[in-house]
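Visitor: here's a sequence, model it:
(2 chains)
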Amino acid sequence: MKWSEFFVTGEPLIYAADVAIVLTMIGIVFVLTYFKKWKWLWDEWLTTVDHKKIGVMYIICAVLMLFRGGVDALLMRAQLTAPNMKFLDAQHYNEIFTTHGTIMILFMAMPFIIGLMNIVVPLQIGARDVAFPYLNALSFWLFFFGALLFNISFVIGGSPDAGWTAYFPLAGNEFSHGVGNNYYAVALQISGIGTLMTGINFLVTILKMRAPGMTLMRMPMFTWTILITCVLIIFAFPVLTVALALMTFDRVFGTQFFTMANGGMSMLWANLFWIWGHPEVYIVILPSFGIFSEVVSTFAQKRLFGYKAMVGSIVGIAFLSFIVWVHHFFTMGAGPAVNSAFSITTMAIAIPTGVKVFNWLFTIRKGKIRFTTAMLWSLAFIPNFVIGGVTGVMLAMAAADYQYHNSYFLIAHFHYVLIAGTVFACFAGLHYWYPKMFGHILNERLGKWTFWLFMIGFNVCFFPMYFLGLMGMTRRMYTYSDGLGWTPLNVVATVGAVLMGIGFIVLCYNIYYSARYGERDMTGDPWNGRTLEWATASPPVHYNFPVTPVVEDIDAYWVMKKKYGGFHVKEEDLKPIHMPSNSGRPFWMSVAFFVAGFGLVFKWFALAIAGALFIVLGLILRSFEDDDGYYIPVDEIKRMERAARKGA
Amino acid sequence: MKRAKWRALLMVPLFLFLGGCVERTAVLNPQGPVARTQYDLIMWSIGFMLLIIVVVFTLFAVFLIRYREKPENADYEPPDEEGNTLLEIVWTAIPILIVAALAVPTVKATFALEKPPTEKVKPITIHVTAANWKWIFSYPEENIETVNYVHIPAGVPVKFKLTSVGPMNSFWVPELGGQKYAMDGMETELILQADKPGSYMGRSANFSGEKFAHMEFEVVAQTGADFRKWVKEVKQTAPKLDEKTYTQILKPGLVGRMTFSNTHLEWIDHAKQNSHHENGHSKGREHQRDDGMSEGHHHGE
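Guide: All right, here's what the predicted structure looks like:
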């Protein structure tokens, strides 16, 4: 292989990115060395098994990936602003929409949600960490190095270019000769293994580690959605694992599972992909429903309306999410009986979702609504998501779908559900739990600027796309000709995208501004919260709760505040706390995964085998490890509690 | 935020009318019975969807205005209500009724679209082959072939038999009706019909590689007499297609419009499973190279 094939060449944008990457890396190394922070980085972050720190790292990655995916989006919008634009060529555009989709779903939405659940779930259930802290660190680092592997494709070797759905035979060796789709197969595999382990970890955590008194039907709604999401992950992700493994065999070892020749079956890929892919969108939307439920209830200052119906509808949606996948390809010609059946199952999802929307509405009814930034995101979710939802029902009608399929109508629909659902939830959750993560509040004024810019920009960007779809514009077109009448709406959409971009910049500035000048949260409960995470200090001491709280009802902390005026700990009740030890092994094992993956991508098998051997070595070392963690003595707890609570 | 939403809703019809684009909104401008069936279904669903939007948005606006925190209600303590079984039954039952009202016509239409819209006229058959990045139309009965455009008689159901050489494409002529996939080694059938003579834009709706955006074709609907005249002309004036020319056409790239007085179905039907590469034998692989398909598009340059 020649160097000119190894590095992506020929595009000024790429060279600029190369320079930026090198400068950033030099900058990071310099800062760490100058301030003597290497040991701090290793001890406090790279080897940590603390769910809160792992959650923070997930969210940092998610925000970086939101930037990357957002730049992809802006490049696409720039190219589509006018007909016959020459800003991007076809190949470059194809790579960009592929990475935009893949990154936004798997490396932005997923880690954002998983980050929030890492921080919040153990706190909400009154636990000291997750069930398997070591595994949790491994999950994060696998995600991290999977994302890294996927992202380097754009400067080394070339990005995947067959869409985030990677349909065969286009994504196979017959039509895609570069390494781009190898990156897709291997990077998603590595981070997917991490996600699967997260699913198992949190399922066990929620089932086994709830505080005394917290029955399943007293769990906070966010924890409920995470529990069900874990079930979805455990059933859906193995399908992705298998599909990607077959894809890797096809692409790297020349098997014929999805090829045109020798009995390969490209439709098999589409089915496997969506049997995972449809539950996957619920994996990112159910936790969002949970976040909205928490925020709406807190700032309406009223308990969640119809708790049992909310739980029932989550379970219903989760069940239905596994029997609707064919609606992604009604146009494949499966026949009217199959299409009708999947039409009906898909439309049925509207029923539990509708129940949830009305329950949120009736939670704010008779409430006393405080319009904080987190609440604005949650309120805006309702009308925007309803627009996405009803157009989803329209898409579910098979006979009509033949006219919407793969058009901009579809693009508008899924951005309305994924942005108004998941992205709004991530922002709501970020503002809501930010004081819990960092001990200070994100500035509300800047937060509201972000909200209005992004929310209005979102509508200006995506609402016209419904009409572009009805005009016949299909997704993934890198250009279109003049005279089709598509230009005005495309210009409007680009303006909206720019507004969203500005909103994101304000958010980033807000993070910086609030770190320096933001209001410090000394109480641990800045929003008058209802659930147990607000019973801890902000940020919580690494063992979370000095003594395990006892739960008496739904909204456990609210009840404590009403009955006892808060969560009080008597020093004589303190006992030594058992905590897990840090470990560097998850980090270096994930590096080994990265090396093995990189070897597979380029078919450098010696490198792949070397990486694999290190993975096995890590497994062996872990199996024979004798580390039961450590105990924090009572005096130490007393000291830490006083330090953490000095403001309260 | 609500205001912004309503403004967006109001702006859209404004755009459409000011731009004079109503007839450009292809899906809402049906020119045949298939598209009309789908149009009716779409309009039926939009009615219900607007109803849902109006109900939700109204409740949303009323609750936001009435129950916001203000200095006057500083002492107000929100009630500790768990839910309301009656209300919850209502908002479960109404969506069920709406889904039923949508499901029945959907199932009817989905079955109806698999059959020709009229029994009175004998349908004609046209084989459609998608290749990187062009559309090939073969008329087995008339024994002619066209590339990137297709003539059809108006008022006659047309059975398009879809297949592909290579990546999956989707055959879509929005003014005449919804799309269906064209897949390698498989055959799908899409029935369309034009009411009257005219020209309709068609394109691939499924991404198939680098120059996918250019996979457009024109559907020219003609009166029966004009259509027969055109077929006769083609048979008399168009050149013969041979395997060599056909292999050239299949090579990845763009080609203009072409017309031939025979069809490639004489020697190959891509709809047959593994038609252009026999099972596993090396001969099959060579053949695959021959037809230019393994060249694909180059990557990451």
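Visitor: can you count the residues close to A:Glu641?
Guide: A:Glu641 is flanked by 17 other residues according to other CB atoms under 10 Å in any protein chain shown. Any C-beta I mention is one placed from the backbone N, CA and C, and that applies to glycine too.
Visitor: which positions in the stretch 451-600 of chain A make contact with chain B?
Guide: By CB under 8 Å from any CB of the partner chain, the residues of the stretch 451-600 of chain A that approach chain B are A:452, A:455-456, A:459-460, A:463-464, A:467, A:469-472, A:474-480, A:484-485, A:488-489, A:492.
Visitor: again with the stretch 201-350 of chain A
Guide: Close to chain B, as judged by CB under 8 Å from any CB, the stretch 201-350 of chain A has residues A:260-263, A:266-267, A:300-303, A:305-309, A:329, A:331-333, A:335-336, A:339-340, A:343-344, A:347-348, A:350.
Visitor: out of the residues you listed, which are inside helices?
Guide: Among those, DSSP state H puts A:266-267, A:300, A:307-309, A:336, A:339-340, A:343-344, A:347-348, A:350 in helices.
Visitor: put together TSV for these, with distance to A:Pro122, pLDDT and neighbour count on each row.
Guide: As requested, these are exported to TSV (distance: CB to CB, whole Å; pLDDT from 0 to 100; neighbours: other CB atoms under 10 Å in any protein chain shown):
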residue	distance to A:Pro122	pLDDT	neighbour count
A:Ser266	43	91	23
A:Met267	43	92	18
A:Ala300	26	95	28
A:Tyr307	21	96	21
A:Lys308	25	95	12
A:Ala309	27	95	24
A:Pro336	49	95	19
A:Asn339	44	96	28
A:Ser340	45	97	21
A:Ser343	41	97	28
A:Ile344	40	97	20
A:Met347	37	96	26
A:Ala348	34	96	21
A:Ala350	34	95	22
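Visitor: farthest-separated two in the residues you listed?
Guide: A:Ser266 and A:Ala300 (49.7 Å; CB to CB).
Visitor: just for the stretch 101-250 of chain B, where's the confidence low?
Guide: Under the criterion pLDDT under 70, no range of the stretch 101-250 of chain B is flagged.
Visitor: looking at it, what residue ends up closest to chain A?
Guide: With CB to the nearest CB, the shortest gap between the stretch 101-250 of chain B and chain A falls at B:Gly178, namely 2.2 Å.
Visitor: now do the longest helix seen in chain B, average pLDDT.
Guide: With secondary structure taken from DSSP H, chain B has its longest helix at helix B:33-66. Helix B:33-66 carries an average pLDDT of 96.
Visitor: tell me what it is packed against?
Guide: Judged by 3 or more CB pairs under 8 Å, 6 or more residues apart in numbering or on different chains; DSSP states H and E, the packing partners of helix B:33-66 are helix A:350-364, helix A:373-396, helix A:398-404, helix B:2-18, helix B:85-112, strand B:177-182, strand B:188-192.
Visitor: looking at the ones you listed, which is nearest to A:Val130?
Guide: Checking the helices and strands packed on helix B:33-66 against A:Val130 by CB to CB gives helix A:373-396 as the closest, at 24.5 Å.
Visitor: just how off-centre is that closest one within its chain?
Guide: Taking CA atoms, centre = their mean, to the nearest Å, one finds helix A:373-396 lying 18 Å from the centre of the chain it belongs to.
Visitor: taking their axis directions, it and helix B:33-66 sit at what angle?
Guide: Relative orientation of helix A:373-396 versus helix B:33-66 (axes from the mean of the first three to the mean of the last three CA atoms, to 10 degrees): 160 degrees.
Visitor: most centrally placed residue in the chain?
Guide: All of this refers to chain A. A:Met110 (1.9 Å; CA atoms, centre = their mean).
Visitor: um, chain B though
Guide: Closest-to-mean residue, chain B, CA atoms, centre = their mean: B:Gln179 / 2.5 Å.
Visitor: give the contact list for the nearest residue to A:Ser153 once chain neighbours are set aside.
Guide: Spatial nearest neighbour of A:Ser153, chain neighbours left out: A:Tyr183 (4.1 Å); criterion: CB to CB, 6 or more residues apart in numbering or on different chains. Residues near A:Tyr183 by CB atoms under 8 Å, 6 or more residues apart in numbering or on different chains: A:149-150, A:153, A:157, A:159-160, A:601.
Visitor: put together JSON lines for these, with distance to B:Pro153 on each row.
Guide: Converted to JSON lines, those look like this (distance: CB to CB, whole Å):
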{"residue": "A:Leu149", "distance to B:Pro153": "55"}
{"residue": "A:Phe150", "distance to B:Pro153": "51"}
{"residue": "A:Ser153", "distance to B:Pro153": "50"}
{"residue": "A:Gly157", "distance to B:Pro153": "52"}
{"residue": "A:Ser159", "distance to B:Pro153": "46"}
{"residue": "A:Pro160", "distance to B:Pro153": "44"}
{"residue": "A:Val601", "distance to B:Pro153": "53"}
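Visitor: tell me who's in contact with the nearest residue to A:Leu470 once chain neighbours are set aside.
Guide: Residue nearest to A:Leu470 in three dimensions, not counting chain neighbours: B:Val27, with 4.3 Å by CB to CB, 6+ apart. Taking CB under 8 Å, 6+ apart, we find B:Val27 in contact with A:403-404, A:469-472, B:35, B:38-39, B:42, B:174.
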